[in-house]
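Undergrad: Okay, here's the prediction I keep looking at, along with the sequence it came from:
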Amino acid sequence: MTDCNEPEAKLEALLDIINSSAHQAIAEYKKTGHGVPSADATTFHPLDLTTDTLALKKAIRLLEGAYHQLNSILAPPQHTVMNFVFNYNWACTDVAFRARLADVLDQHPEGLTVDKLAEAVNLDKVKTARVLRALTLMGCFKEVERDVFANNRLSLILKSTNNTGYYARLHSQDVAKSASVVYETMIDEEFSRSHEIDKAPRIFAFRKEGMKVNQYEMLEDDDKKRDAFHRAMLGQSDMLGASAVLHHYPWSDISSVVDVGSGIGAFSTPLAKMYPHLRITQHDLPKVIVLAQNAWERNAPEALLDGRVEFIPINFLEDTPVVGKDVYYLRHIIHNWPDTEATTILRNIRKAMGPNSRVLIHDCVISHTFQKPGVGTNGLSVAPEPMLPNFGAGSHNTYQTDLTMWFTFNSKERTLEELQIIGQVPYRSIGLFD
């Protein structure tokens, strides 16, 4: 009988997880009645466009975590470590998005020679081909004949009409620039020990280039950048599957929701359509609230006519939200702020809460690769053995988002214990939806 702790037994267990999770993902696609996606598909699969992909994302979390862990065991260590850094997919993706390669190829579904494609976007054909070949290796674009490229399901994300493409561009440009100075900030006398927002690596990088460093002022002054940023935030929600909260929280059991830091209503607009009994309050800065009202007039005029939505400008670092509502919802807000400001935001919300009110923080939750025996997780999923308990590389997006928050705002994704501290509440009062 094989000891389950033996190295070979662990490899077999990881192979079993890869097999079972892949079949789980296949089953989710088949439930749509459209079968599984094809690597050569030139359109999105219907499941790609639905708001509830939670079951699929959980299967992929297992699949990615198990196969990366398996590969890190079997591959030579020098190979694996070099793979960490020997990766310029972000730069190639940036070229493809900024040059609108996918937009051009969208007009040529049969494919286009690299000569004509490069000419259409005014780039060198040899360099354009190298970018496309690198991305094709990763399944993004396809080479239908030698030096003839076409779109596929992945490259459609890089069209100028896709919000996730804007999120990718935000990372390949602004965040990459901030990431390049991280070590410098960790040894700089002014920045190294600071956790204040004005000591983020982004500020350090911008100062080096003599650029304006206040991101929100930059967005106020530039309509094009502001639009790109708002689209990137929508893309972030799409990437994280954030709309699943519309399906997995008991909205039918409550009557009022305050969307704190609501933006133009990317969350609360579909919420109002799915649950027309809800009374919704939009809270954001005055200029954003004006944009939000315009967006609601375009996208959900019936909610305005019914008086189900109110628009109240506030600065959540200084002001108290509207009083006595059922749920105070913050999507991707708390992770933007260091602990001091995050605590202030939650303290101001607490002042407005009634005895039955709840705060719903929609952020990623960080957990450790080591799980203490016998310690509860308060609803946080734990991966099956022999995987790392936090799913390892299956949680890649969560931990990369945490680094993005550090590099950009000197803020972070938090553990449950850290959320307890900034919320100033007992640990047992924290519930988690995973």
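TA: Nice, I can see it.

Undergrad: the strands in the stretch 101-250 of the chain, which residues?
TA: With DSSP state E, counting those that start in this stretch as the criterion, the stretch 101-250 of the chain has strands at 112-113, 142-145, 148-150.

Undergrad: now the stretch 251-400 of the chain
TA: Secondary structure of the stretch 251-400 of the chain (DSSP E, counting those that start in this stretch): strands at 256-260, 279-284, 309-313, 327-331, 358-362.

Undergrad: closest one to Asp434 among those strands?
TA: strand 358-362 (12.3 Å; C-beta to C-beta). Quick note: C-beta positions are derived from backbone N, CA and C, even for glycine.

Undergrad: in its sheet, what does that closest one sit against?
TA: Here strand 358-362 is paired, per DSSP bridges, with strand 327-331 (parallel).

Undergrad: Figure out which of the strands of the stretch 251-400 of the chain is closest to Lys351.
TA: strand 327-331 (10.9 Å).

Undergrad: tell me the mean pLDDT over the closest one?
TA: If you average the pLDDT over strand 327-331, you get 96.

Undergrad: change the start of the numbering to 35 and stick with it
TA: Sounds good: first residue 35 from here, last item strand 361-365.

Undergrad: Pipe the strands of the stretch 285-434 of the chain into a markdown table and attach mean neighbour count and distance to Trp124 per row.
TA: A markdown table is the format used below for the strands of the stretch 285-434 of the chain (neighbours: other C-beta atoms under 10 Å; distance: least, C-beta to C-beta, whole Å):
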| stretch | mean neighbour count | distance to Trp124 |
| --- | --- | --- |
| strand 290-294 | 24 | 32 |
| strand 313-318 | 23 | 31 |
| strand 343-347 | 17 | 37 |
| strand 361-365 | 24 | 25 |
| strand 392-396 | 18 | 26 |
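
Undergrad: Dump these to a markdown table, plus distance to Glu243.
TA: Shown next, in a markdown table, are the strands of the stretch 285-434 of the chain (distance: least, C-beta to C-beta, whole Å):
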| stretch | distance to Glu243 |
| --- | --- |
| strand 290-294 | 34 |
| strand 313-318 | 30 |
| strand 343-347 | 33 |
| strand 361-365 | 32 |
| strand 392-396 | 34 |
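
Undergrad: Tell me who's in contact with Gln58.
TA: If a contact means C-beta atoms under 8 Å, 6 or more residues apart in numbering, then Gln58 has 89, 92-93, 96 as its contacts.

Undergrad: could you flag which of the residues you listed are buried?
TA: 92-93, 96 (16 or more other C-beta atoms under 10 Å).

Undergrad: Distance check, the residue nearest to Pro355 when sequence neighbours are not counted against Val148.
TA: Counting by C-beta to C-beta, 6 or more residues apart in numbering, Pro355 lies nearest to Ala386, which is 4.6 Å off, once chain neighbours are set aside. Taking C-beta to C-beta, to the nearest Å as the measure, Ala386 falls 58 Å from Val148.
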